[in-house]
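Q: Give the three-dimensional model of this entry:
(chains A and B)
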2 protein chains.
Amino acid sequence: MKNLVIRNIRPMGGETTSVTIRDGRIAGYGQTIEDRVETMDGGGAILIPGLVEAHTHMDKTLLGMGWYRNEVGPRLIDKIENERAQRRILDIEPARQSARQAVLAASLGVTHIRTHVDVDTEVGVAGIEGILETRERYRDIVDIELVAFPQSGMLIRPGTVELMERALQLGAQVVGGLDPSAIDRDPKGHLDVVFGLAERYGVPVDIHLHEPAELGAFSMELIIERTKALGLQGKVTVSHAFCLGMSDQDYVAALIEALADAQIHILTTAPASRPAPAVKRLVEAGIVVAAGSDGVRDTWGPYNNPDMLERAFLVGLRNNLRRDDEVALALDTCTYGGARMMGLEGYGLQPGDRADLVLLDGETLAEAVVSRRPRKMVLKSGKITARDGIALAEVP
Amino acid sequence: MKNLVIRNIRPMGGETTSVTIRDGRIAGYGQTIEDRVETMDGGGAILIPGLVEAHTHMDKTLLGMGWYRNEVGPRLIDKIENERAQRRILDIEPARQSARQAVLAASLGVTHIRTHVDVDTEVGVAGIEGILETRERYRDIVDIELVAFPQSGMLIRPGTVELMERALQLGAQVVGGLDPSAIDRDPKGHLDVVFGLAERYGVPVDIHLHEPAELGAFSMELIIERTKALGLQGKVTVSHAFCLGMSDQDYVAALIEALADAQIHILTTAPASRPAPAVKRLVEAGIVVAAGSDGVRDTWGPYNNPDMLERAFLVGLRNNLRRDDEVALALDTCTYGGARMMGLEGYGLQPGDRADLVLLDGETLAEAVVSRRPRKMVLKSGKITARDGIALAEVP
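A: Next up, the predicted model:
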């Protein structure tokens, strides 16, 4: 395999240099004269590590399926029930739909995805099987990590726990959970099952927690207790965590301290219409904060896009991060934050790290985030996967 | 002048038809066989009236000036004082900068702009003169309405009131105001001057009201009282109105009723990090709601973009408007809402309305909003001003 040298790039928007890539990893920076070298011009682009999509739902995006006219009711349960119905009506085929999202994400510079995949008594593990097919098919352009996700509830739908186990046996790498009180009506029961599966299968945990204010905070306390009791520090993520945006600031401060102590990660989509975790405050408390798109163009809503530069823009807007160092922090949730949450090996721009790289058009990191122009180049394990916003892989 | 027929367009995303344009106005829809007709193919695009940018600050955008590294402090006054200093340091020339924004906005389908222009004892009316130059220069591509805006305070900086009068004499069409308590420290005094100028010069009012919760609500009460006392119903806009997002729902309900009664308009940027007016609730109460970008890439912050489809997307996200009819409502704040706020004559898609038109790429209105692809065509008074996202006018 030839070495690849990309000249005229600026790591994280800093000084211009060149990067040498060997055997799929970063060999070093600056001039190196070697045999068997292919060189390219980076055109002065900013070099960043691959964008990390740390929370999405690839099994149910409607990408490429024609416009879905959303007429769904306002409650969470309306959206869950509508989605189960539409899955049949619209034929939302998980392998095909996740492939479309994988290729689109790759074109946008995403090199790693954690996707929550529905497991329920209607669809069984068909979603898991579909995403596993996509994971294998596109393994050269994006790493996909599956969360077995009981979207329709677990204890309220007998048979779901067994399907969750089946999903983990098939290859799901993370056990998911969902609103232990609001959906499953049994916070202790729900979390005991989730953490029991984590212990039995030796997998991390990622729990959707939409529950607001004091209700969500109570669930979070239960999650913290179990994380510490089972020694799962660093292996547990709470997604959404709207309760961290509640008005009782003393309670929020206590929760943040406890989350940091238990090394629990927080995933945010930076929702503009909900109370939400304060990203900068969490990071300053030592908590890993990652970001995700959530469902992309699905029956829940039309807005989300797998563009993690757009997500950084939305994280910045939601958290009023205006200064350049603050915009860089917003971007960090879409790169290093996600990588730390997922425990990615060899992620970054250091020599020895995997050559999962994106070349961004922009004068500074902040300008790249606010402009969100097509990615000039995307590499996965040192191979080019997209140029000027166009993925080289084919989409079904 | 030849008539222009654009075939194969879908007004507001509806049935495919053709539109005939004559003497700068919409003559009608459907097949018409006439002499002296030039025909074009709209390619199935959605036809909407021109986008309305109802609140921006064209005199101080940094577009085209190289990246400004933002290191500004967190308070409102930090941003105001930094901006006054940077105006000199960076040479932010109003005529040049507003021209850049005018052309960029036109390329994005904006046909009408209300811009607040700084008037203070340092810059005097130089900003007003610069924007008047741009207004004249680009009158064929965009209508620009100027608000004389006392950004640095009015009563706390003696001489400002006289400059505000001078601005109105020069051609500013609206009198502005700003946080009567928080900045000018004299709510009665500030508003008496603003409304006095409105009465004397027969111009509408548009007041920046960032004041939070009960403080802002008190200012709003004073604004409502003066609007009714002077018979200025339908002529007053409150911009931002963060106080309408406060937690005291009874007080908000009373304010909404009083605003509707006084026919006061609300302008929102749909800020993700602040309490904000609930767009749907206001519209349902009969209040005109318009949207704006606020300052575009300026010393205040890097995020804003003059793309009013992006603004509709942000209005939708901020207000959790997910259903297709709700996304259309978000877009409405960027079209008809702004037009009603500004009292535009002949705005719309009816025969006889001005042919200020945008052709959008998208299957439905909602898809056009969430995708925000380059505008296929923009027309101002029946003449093409931009194609495929590129403005035909030159930028300085």
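
Q: List of residues touching stretch A:30-49?
A: Stretch A:30-49 is contacted by residues A:2-13, A:16-20, A:111, A:331, A:335-336, A:339, A:347-349, A:353, A:356-362, A:364-365, A:368, A:376-377 when judged by CB atoms under 8 Å, 6 or more residues apart in numbering or on different chains. In this view, the C-beta of every residue, glycine as well, is placed from N, C-alpha and C.

Q: Among the residues you listed, which are located in helices?
A: Among the contacts of stretch A:30-49, the members falling in helices (DSSP state H) are A:Leu331, A:Tyr336, A:Ala339, A:Leu365, A:Ala368.

Q: I'd like those residues laid out as a markdown table, including distance to chain B, neighbour count and pLDDT.
A: A markdown table is the format used below for these (distance: CB to the nearest CB, whole Å; neighbours: other CB atoms under 10 Å in any protein chain shown; pLDDT from 0 to 100):
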| residue | distance to chain B | neighbour count | pLDDT |
| --- | --- | --- | --- |
| A:Leu331 | 12 | 28 | 98 |
| A:Tyr336 | 21 | 19 | 98 |
| A:Ala339 | 25 | 25 | 98 |
| A:Leu365 | 10 | 24 | 97 |
| A:Ala368 | 10 | 23 | 97 |
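
Q: Most widely separated two among these?
A: Farthest pair in the ones in helices among the contacts of stretch A:30-49 (CB to CB) is A:Ala339 and A:Ala368. Separation: 18.3 Å.

Q: Next, please give the residue ranges for the helices of chain A.
A: A:76-90, A:94-107, A:126-137, A:160-170, A:187-201, A:213-229, A:249-261, A:279-284, A:308-318, A:324-332, A:336-342, A:365-371.

Q: Looking at those, which one is packed in the most?
A: Between the helices of chain A, helix A:308-318 has the highest mean count of neighbours, a mean of 27, where neighbours are mean count of other CB atoms under 10 Å in any protein chain shown.

Q: does any bit of it sit next to chain B?
A: Yes. Judged by CB under 8 Å from any CB of the partner chain, helix A:308-318 and chain B are in contact via A:Phe313, A:Leu314, A:Gly316, A:Leu317, A:Arg318.

Q: Now render those as JSON lines, adding pLDDT and distance to A:Glu83.
A: What follows is the residues of helix A:308-318 next to chain B, written out as JSON lines (pLDDT from 0 to 100; distance: CB to CB, whole Å):
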{"residue": "A:Phe313", "pLDDT": "98", "distance to A:Glu83": "27"}
{"residue": "A:Leu314", "pLDDT": "98", "distance to A:Glu83": "23"}
{"residue": "A:Gly316", "pLDDT": "98", "distance to A:Glu83": "30"}
{"residue": "A:Leu317", "pLDDT": "98", "distance to A:Glu83": "27"}
{"residue": "A:Arg318", "pLDDT": "98", "distance to A:Glu83": "25"}
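
Q: B:His208: which of the residues you listed is nearest?
A: Nearest to B:His208 among the residues of helix A:308-318 next to chain B is A:Leu317, at 19.2 Å by CB to CB.

Q: what packs against the lowest-mean-pLDDT helix or strand in chain A?
A: In chain A, no helix or strand scores lower on mean pLDDT, DSSP states H and E than helix A:76-90, which sits at a mean of 90. Here helix A:76-90 touches no other helix or strand, going by 3 or more CB pairs under 8 Å, 6 or more residues apart in numbering or on different chains; DSSP states H and E.

Q: Tell me what angle that helix forms with helix A:126-137.
A: Going by axes from the mean of the first three to the mean of the last three CA atoms, to 10 degrees, helix A:76-90 is angled at 70 degrees with respect to helix A:126-137.

Q: who touches helix A:76-90?
A: So helix A:76-90 is contacted by A:60, A:62, A:65, A:68, A:72-73, A:92, A:120, A:122-123, A:151-152, A:179, A:182-183, A:210, A:298-300 (CB under 8 Å, 6+ apart).

Q: Report the buried residues of the longest strand belonging to chain A.
A: Counting residues, the longest strand found in chain A (DSSP state E) is strand A:37-49. Residues of strand A:37-49 classed as buried: A:Gly42, A:Ala45, A:Ile46, A:Leu47, A:Ile48, A:Pro49 (neighbour count, 16 or more other CB atoms under 10 Å in any protein chain shown).

Q: Let's see the pLDDT reported for the closest residue in space to A:Pro374 that isn't next to it in sequence.
A: Closest residue to A:Pro374 apart from its sequence neighbours, by CB to CB, 6 or more residues apart in numbering or on different chains: A:Gly389 at 2.9 Å. For A:Gly389, the model assigns a pLDDT of 97.

Q: quick one: A:Gly389 and A:Met377 touch, right?
A: No. Judged on CB atoms under 8 Å, A:Gly389 makes no contact with A:Met377 at a distance of 10.0 Å.

Q: now stretch A:167-184: how far from the chain's centre is it?
A: Relative to its chain's centre, stretch A:167-184 lies at 16 Å (CA atoms, centre = their mean, to the nearest Å).

Q: Please apply the same query to stretch A:264-277.
A: For stretch A:264-277, the distance to the chain centre is 13 Å (CA atoms, centre = their mean).

Q: Only the buried residues of it, if you could.
A: Result for stretch A:264-277 [16+ other CB under 10 Å]: buried residues A:264-273, A:275-277.

Q: where does the stretch 201-350 of chain A dip in pLDDT?
A: For the stretch 201-350 of chain A, no stretch has pLDDT under 70.
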